[in-house]
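Trainee: What follows is a protein structure lacking sequence information:
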């Protein structure tokens with residue numbers, strides 16, 4: 001079953017050079033947070049560049065259900081009239097977060113220390129994903145959660161009546177869990193402390209400080225120690241959402257493997273907790289220039305000038321880099337297939353509990369396209385076939401996963417024979433203009449008859 005109810009097969013064929021400007025949508029992580037923090041502020045937050053993919057639209061609906069006034073004023077332009085920290089009302093219906101693990105986990109955190117009850121669900125993919133990694137630390141505040149076996153959705157969360165602050169060391173590197181705990185800490189008295197051994201994306205910390213919360217980050221032998229003082233009055237903000245580096249990865253990687261390509265991707269976030277893919281690509285020999293570095297909306301951004309790079313070499317990706325590129329391993333594995341030599345990706349166990357088991361999905365799809373791969377629970381190894389060397393000629397299963405779908409469509413743009421995906425509809429959750437943007441650059445994409 002598709003994310004939208006009916007599958008939409010799509011095929012990518014060997015393309016001529018990709019040329020032009022790829023203006024990718026706003027960052028999904030920041031878009032979710034802008035809506036949630038705006039709903040917890042007092043007054044009107046104005047957002048520009050909001051990603052209008054289904055994941056983010058589901059978060060906007062959720063904030064309305066909790067009492068905030070959320071209005072779309074134009075393309076990417078939204079306003080949120082917040083209700084203040086602890087001001088959420090009890091929703092009258094089930095909160096459907098669609099395909100979004102980020103949305104459901106952050107929203108659970110945001111309501112966890114308010115004495116209300118909410119029930120959450122999602123699509124078939126989201127209902128398979130573990131929620132215990134969030135509900136376990138939320139229980140320390142006094143929150144209760146009742147879900148399906150294995151801590152899965154649908155799940156009812158009962159907010160703490162008398163929340164207490166917590167000190168929590170993350171057992172896994174997860175910005176979603178970190179953010180959920182910090183959001184819960186907003187309505188708890190005293191100081192809530194989160195300790196992360198490995199740095200993860202820091203959008204929540206940046207945005208909390210921007211909205212007026214008292215928050216400090218101290219680097220210690222334990223890792224980053226993040227201390228949040230509870231019960232602030234968050235001030236509304238004007239948020240300019242930078243372009244999403246995870247979405248930018250698809251036109252960037254397509255240009256690297258399609259012969260003769262030369263594109264510019266403007267205004268892409270260069271946050272150090274999100275740039276692992278780009279560091280890795282440069283190490284492989286990718287021709288990427290980072291032009292006009294600047295700050296927009298409190299985030300570092302740059303314009304990426306990308307050219308076809310036919311001499312890329314396989315590399316071993318340091319496992320400690322995984323948190324800064326966890327969503328980009330699927331598309332990196334495609335680039336690795338068109339490089340020369342072996343690319344080794346270790347420390348990526350987290351990929352097995354994303355929208356799909358992404359290690360398995362990429363391994364099976366690449367094998368079907370004629371690429372040799374190896375895998376274990378925590379590792380994916382791709383044996384590159386060089387520029388233009390991937391046979392293709394297969395249909396890849398997407399498992400209701402937008403990144404799997406886009407990765408194999410990019411592969412098809414450079415493979416010798418077309419590559420199809422069984423369902424491209426999940427792409428709407430994060431990159432609704434993927435098809436038109438890539439076609440505008442010169443990609444040969446076609447929708448297949450159902």
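Mentor: Thanks, I have it. Since the model is a prediction, treat every value here as computed from it, not as a measurement. Numbers count the residues shown, from 1 in each chain.
Trainee: Please make it C-alpha for all contacts and neighbour counts, starting now.
Mentor: Will do.
Trainee: Report all helices and strands that the host helix or strand of residue 30 contacts.
Mentor: Following DSSP states H and E, one finds residue 30 within helix 28-40. Secondary-structure packing of helix 28-40 (3 or more C-alpha pairs under 8 Å, 6 or more residues apart in numbering; DSSP states H and E): strand 42-48, helix 54-65, strand 77-83, helix 101-111, helix 203-210.
Trainee: just so I know, which of the ones you listed lies nearest residue 13?
Mentor: helix 54-65 (27.0 Å; C-alpha to C-alpha).
Trainee: Run through the neighbouring helices and strands of the closest one.
Mentor: helix 28-40, strand 69-74, strand 95-96, helix 101-111.
Trainee: how is this structure carved up into domains?
Mentor: 10-26+242-447, 28-228 (automatic domain parsing).
Trainee: Indicate which one of those domains is closest to residue 234.
Mentor: Between the domains of the chain, domain 28-228 lies closest to residue 234; by C-alpha to C-alpha that is 4.5 Å.
Trainee: And the average pLDDT for that closest one is what?
Mentor: Across domain 28-228, pLDDT averages out at 96.
Trainee: coming back round to it: could you export the helices and strands packed on helix 54-65 as JSON lines, including mean neighbour count and distance to residue 220?
Mentor: Below are the helices and strands packed on helix 54-65 laid out as JSON lines (neighbours: other C-alpha atoms under 10 Å; distance: least, C-alpha to C-alpha, whole Å):
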{"stretch": "helix 28-40", "mean neighbour count": "27", "distance to residue 220": "26"}
{"stretch": "strand 69-74", "mean neighbour count": "15", "distance to residue 220": "40"}
{"stretch": "strand 95-96", "mean neighbour count": "22", "distance to residue 220": "39"}
{"stretch": "helix 101-111", "mean neighbour count": "25", "distance to residue 220": "26"}
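Trainee: of all the ones you listed, which lies closest to residue 207?
Mentor: helix 28-40 (7.8 Å).
Trainee: What's the local residue count around the closest residue to residue 223 other than its chain neighbours?
Mentor: Nearest residue to residue 223 in three dimensions, chain neighbours excluded: residue 197, at 4.3 Å (C-alpha to C-alpha, 6 or more residues apart in numbering). Number of residues near residue 197 (other C-alpha atoms under 10 Å) recorded here: 17.
Trainee: Equivalent analysis for residue 90, please.
Mentor: That count, for residue 90 with other C-alpha under 10 Å as the rule, works out to 15.
Trainee: Residue 374: which of the helices and strands packed on helix 28-40 is closest?
Mentor: helix 101-111 (27.7 Å).
Trainee: which residues touch the residue nearest to residue 223?
Mentor: 169-170, 173, 222-224 (C-alpha atoms under 8 Å, 6 or more residues apart in numbering).
Trainee: What is the neighbour count of residue 364?
Mentor: 16.
Trainee: Dihedrals phi and psi, it?
Mentor: phi -70, psi -40 (degrees, to the nearest 10).
Trainee: how close does it sit to residue 73?
Mentor: Using C-alpha to C-alpha, to the nearest Å, residue 364 is found at 43 Å from residue 73.
Trainee: so where do the helices sit in the stretch 101-250 of the chain?
Mentor: Counting by DSSP state H, counting those that start in this stretch, residue ranges of the helices within the stretch 101-250 of the chain are 101-111, 132-139, 175-185, 203-210, 245-257.
Trainee: now the next helix or strand after the longest one: mean pLDDT?
Mentor: Yep, that's helix 245-257 we're talking about. For helix 245-257, the succeeding helix or strand toward the C-terminus, using DSSP H and E, is strand 262-269. What strand 262-269 shows for mean pLDDT is 96.
Trainee: Just want the angle from strand 262-269 to helix 245-257.
Mentor: 160 degrees (axes from the mean of the first three to the mean of the last three C-alpha atoms, to 10 degrees).
Trainee: Listing request: residues of the stretch 201-350 of the chain with sub-threshold pLDDT.
Mentor: 297 (pLDDT under 70).
Trainee: still on that earlier bit, TSV for the helices of the stretch 101-250 of the chain, including distance to residue 301?
Mentor: As requested, the helices of the stretch 101-250 of the chain are exported to TSV (distance: least, C-alpha to C-alpha, whole Å):
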stretch	distance to residue 301
helix 101-111	22
helix 132-139	30
helix 175-185	20
helix 203-210	14
helix 245-257	10
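Trainee: Tell me which of those sits nearest to residue 313.
Mentor: helix 245-257 (12.2 Å).
Trainee: show me where the stretch 251-400 of the chain has helices.
Mentor: Under DSSP H, counting those that start in this stretch, the stretch 251-400 of the chain gives helices at 276-284, 329-337, 358-368.
Trainee: And these: which comes nearest residue 143?
Mentor: Closest among these, using C-alpha to C-alpha: helix 358-368, at 31.3 Å.
Trainee: Only the buried subset of the contacts of residue 197, as a PyMOL command please.
Mentor: Here is the PyMOL command that selects the buried residues among these (16 or more other C-alpha atoms under 10 Å):
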select buried, resi 169+170+173+224
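Trainee: Which two of the contacts of residue 197 have the greatest separation?
Mentor: Farthest pair in those, by C-alpha to C-alpha: 173 and 222, 13.3 Å.
Trainee: overlap in contacts of these two?
Mentor: 196-197.
Trainee: Share the number of residues neighbouring residue 218, please.
Mentor: Neighbour tally, residue 218, other C-alpha under 10 Å: 12.
Trainee: Isn't it up against residue 226?
Mentor: Yes: using C-alpha atoms under 8 Å as the test, residue 218 is close enough to residue 226 to be in contact (6.5 Å).
Trainee: ok, residue 190 to residue 166 distance?
Mentor: Residue 190 is 9 Å from residue 166, by C-alpha to C-alpha.
Trainee: which of those two has more neighbours?
Mentor: residue 166 (22 against 15).
Trainee: so that one makes contact with residue 191?
Mentor: Yes: using C-alpha under 8 Å, residue 166 is in contact with residue 191, at 7.5 Å.
Trainee: Quick check: neighbours shared by those two?
Mentor: residue 185.
Trainee: how close does residue 249 sit to residue 209?
Mentor: Using C-alpha to C-alpha, which is the criterion applied here, residue 249 is 28 Å from residue 209.
Trainee: Name the residue in these two with the higher neighbour count.
Mentor: residue 249 (21 against 14).
Trainee: which ones are touching that one?
Mentor: 277, 328, 331.
Trainee: how many neighbours does the second one have?
Mentor: Taking other C-alpha under 10 Å as the neighbour definition, residue 328 ends up with a count of 22.
Trainee: Is it correct that it is in contact with residue 245?
Mentor: No: counting by C-alpha under 8 Å, residue 328 does not reach residue 245; the two are 9.3 Å apart.
Trainee: circling back: next one: the helix holding residue 30 to chain centre, how far?
Mentor: Between the centre of helix 28-40 and the centre of its chain there are 13 Å (C-alpha atoms, centre = their mean, to the nearest Å).
Trainee: Can you check the pLDDT for residue 449?
Mentor: 62.
Trainee: Measure how buried residue 353 is and give me the count.
Mentor: 14.
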